[in-house]
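Novice: sequence below, structure please.
(4 chains)
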Number of protein chains: 2
Amino acid sequence: MSADADKPAFDVIELLFFAYRDFVRDPDEELTAYGFGRAHHRVLHFVDRNPGLRVTELLDILKITKQSLGRVLRELVDKGFITQREGAADRRQRLLFVTERGDRLARELARLQTRRVSHALSTLDAREQEAVRRFLFEIIEPEERSKVSAVSGAEIPPRR
Amino acid sequence: MSADADKPAFDVIELLFFAYRDFVRDPDEELTAYGFGRAHHRVLHFVDRNPGLRVTELLDILKITKQSLGRVLRELVDKGFITQREGAADRRQRLLFVTERGDRLARELARLQTRRVSHALSTLDAREQEAVRRFLFEIIEPEERSKVSAVSGAEIPPRR
DNA sequence: CGAAATAAGTCAACATGGCTGACGTAATTT
DNA sequence: AAATTACGTCAGCCATGTTGACTTATTTCG
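Specialist: Next up is the predicted model:
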């Protein structure tokens, strides 16, 4: 096989650390201007991408507790970046939507990260770009993969 | 070009989030048994990989403050996972080394992450694997790349 | 119908790991 | 001899995660 499963993959482990460290840098800076942090970014992002998201679904995506989410969600609602609407079928639900302001911020943050990602992808041909997507997808915990496919637009080409 | 620099790269942005979320999961669990957290892991990892690392260098790698590092470093030293030795040339320096215990833990944590990474790499051919390394390397802030090459064993094949 | 389960929110207390600012000490460099 | 550097430390603050307990409204199920 090409990958020695036994020999420590130090290089990729470290690249993941450094890449992620810098991947979240630009948004982090921008967010301080709004009094927000990384946690707010994540919530805003997934609500922007999935209008009408239920709170329970968001908790499952983020893998944090209801209480942790509660704090940042309240701030996002108070400052007018997210609104909640009662579910039509199930009135216990508080479906989440971004406001126009929320959408603008979400897209600005996505633009910053897209700039970085697009640059990196531009050094690869189409097949190699697909390989990157497959690699990241396969890093994800197996039971989580179907959920990621559902929530994210990412289409992962099959192995081989 | 293959990558639309304007169209938001939502798929890769989200894959990076989910992949990193799960990438740090196994070590996080293991670490609680020692009363350590993610911050200790990072310190232990880079000292294990770079014996004799200087404190200043470590600060530059982690991009945190001296005070933040001080806390976790003290705990790692107190619990016998890291030792400090006076620099031979410059006696102001406190060069960092892992103890035998430290080495064992560092390698165990690396094993967990290697398992995940190796699996993901195994779905790719050799050229695609190189593409993954190049992608991650290009995500890193340009001025940081040479430092990463120096500290990490990662050999990044040139673009094209 | 009534009981149980579910969706969501909230209060309180605590842990981790960042941060700033101010200082101190030893050693090296200029 | 003075300035700089490497490292450490005290004190306090902030963001974001945790557990545990409890409430309210609504839906589901026997």
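
Novice: for burial, what's the neighbour tally of the nearest residue to A:A154 once chain neighbours are set aside?
Specialist: Distances taken as Cβ to Cβ, 6 or more residues apart in numbering or on different chains put B:D11 closest to A:A154, at 3.8 Å, once the chain neighbours are dropped. Where you see a C-beta, it was placed from the backbone N, CA and C, and this is true even at glycine. A count of neighbours around B:D11, defined by other Cβ atoms under 10 Å in any protein chain shown, yields 17.

Novice: near DNA strand D, which residues of chain A?
Specialist: A:35-40, A:63-68, A:71-72, A:89-92 (Cβ under 7 Å from any atom of the strand).

Novice: so which of those residues belong to helices?
Specialist: A:R38, A:A39, A:H40, A:K66, A:Q67, A:S68, A:R71, A:V72 (DSSP state H).

Novice: and of those residues, the nearest to B:I139?
Specialist: The closest of those to B:I139 turns out to be A:R38 (Cβ to Cβ; 16.9 Å).

Novice: wait, the closest one sits on A:T32?
Specialist: No - assessed by Cβ atoms under 8 Å, A:R38 is found out of contact with A:T32, at 10.4 Å.

Novice: which pLDDT value belongs to A:D4?
Specialist: Per-residue pLDDT puts A:D4 at 63.

Novice: oops, could you answer that again for A:S152 instead?
Specialist: The model reports A:S152 with a pLDDT of 81.

Novice: what's the nearest residue to it if we skip its chain neighbours?
Specialist: The spatial neighbour of A:S152 that comes closest, neighbours along the chain excluded (Cβ to Cβ, 6+ apart), is B:E14 at 4.2 Å.

Novice: also A:I13?
Specialist: Distances taken as Cβ to Cβ, 6+ apart place B:Q113 nearest to A:I13, at 5.1 Å, with adjacent residues excluded.

Novice: list the buried residues in the helix or strand where that neighbour lies.
Specialist: According to DSSP states H and E, B:Q113 maps onto helix B:100-121. Within helix B:100-121, the residues scored as buried using 16 or more other Cβ atoms under 10 Å in any protein chain shown are B:102-103, B:105-106, B:109-110, B:112-114, B:116-118, B:120-121.

Novice: out of those residues, flag the one nearest to DNA strand C.
Specialist: DNA strand C has its nearest neighbour among the buried residues of helix B:100-121 in B:L109, at 12.8 Å by Cβ to the nearest atom of the strand.

Novice: residue boundaries of the strands in chain A?
Specialist: Along chain A, the segments classed as strands by DSSP state E run A:82-86, A:94-98.

Novice: tell me which of these is the most buried.
Specialist: strand A:94-98 (a mean of 20; mean count of other Cβ atoms under 10 Å in any protein chain shown).

Novice: tell me the gap between it and the middle of its chain.
Specialist: Mean-position distance between strand A:94-98 and its chain equals 17 Å (Cα atoms, centre = their mean, to the nearest Å).

Novice: kindly report the residues of chain A close to DNA strand C.
Specialist: Checking chain A against DNA strand C by Cβ under 7 Å from any atom of the strand, the hits are A:54-56, A:66-67, A:70, A:73-74, A:84, A:87, A:90, A:92-95.

Novice: can you pick the most crowded of those residues?
Specialist: Most neighbours among the residues of chain A next to DNA strand C, by other Cβ under 10 Å: A:L73, with 22 neighbours.

Novice: nearest residue to that residue other than its sequence neighbours?
Specialist: Closest residue to A:L73 apart from its sequence neighbours, by Cβ to Cβ, 6+ apart: A:V43 at 6.1 Å.

Novice: coming back round to it: pLDDT score assigned to the residue nearest to A:A154?
Specialist: 96.

Novice: tell me the contacts of the residue nearest to A:Q84 when sequence neighbours are not counted?
Specialist: Here the nearest residue to A:Q84 in space, its sequence neighbours aside, is A:R94; by Cβ to Cβ, 6+ apart that works out to 4.2 Å. For A:R94, the contacting residues are A:R54, A:V55, A:Q84, A:R85, A:E86, A:G87, by Cβ atoms under 8 Å, 6 or more residues apart in numbering or on different chains.

Novice: for A:E75, same thing?
Specialist: By Cβ under 8 Å, 6+ apart, the neighbours of A:E75 are A:G35, A:F36, A:H40.

Novice: residue ranges in chain A under the pLDDT threshold?
Specialist: A:1-5, A:159-160 (pLDDT under 70).

Novice: give me the residue from it nearest DNA strand D.
Specialist: As assessed by Cβ to the nearest atom of the strand, DNA strand D sits closest to A:G37 within chain A, at 1.8 Å.

Novice: residue contacts, that residue?
Specialist: A:D28, A:L31, A:V72.

Novice: also A:D60?
Specialist: Applying Cβ under 8 Å, 6+ apart to A:D60 gives the contacts A:K147.

Novice: thanks a lot, catch you later.
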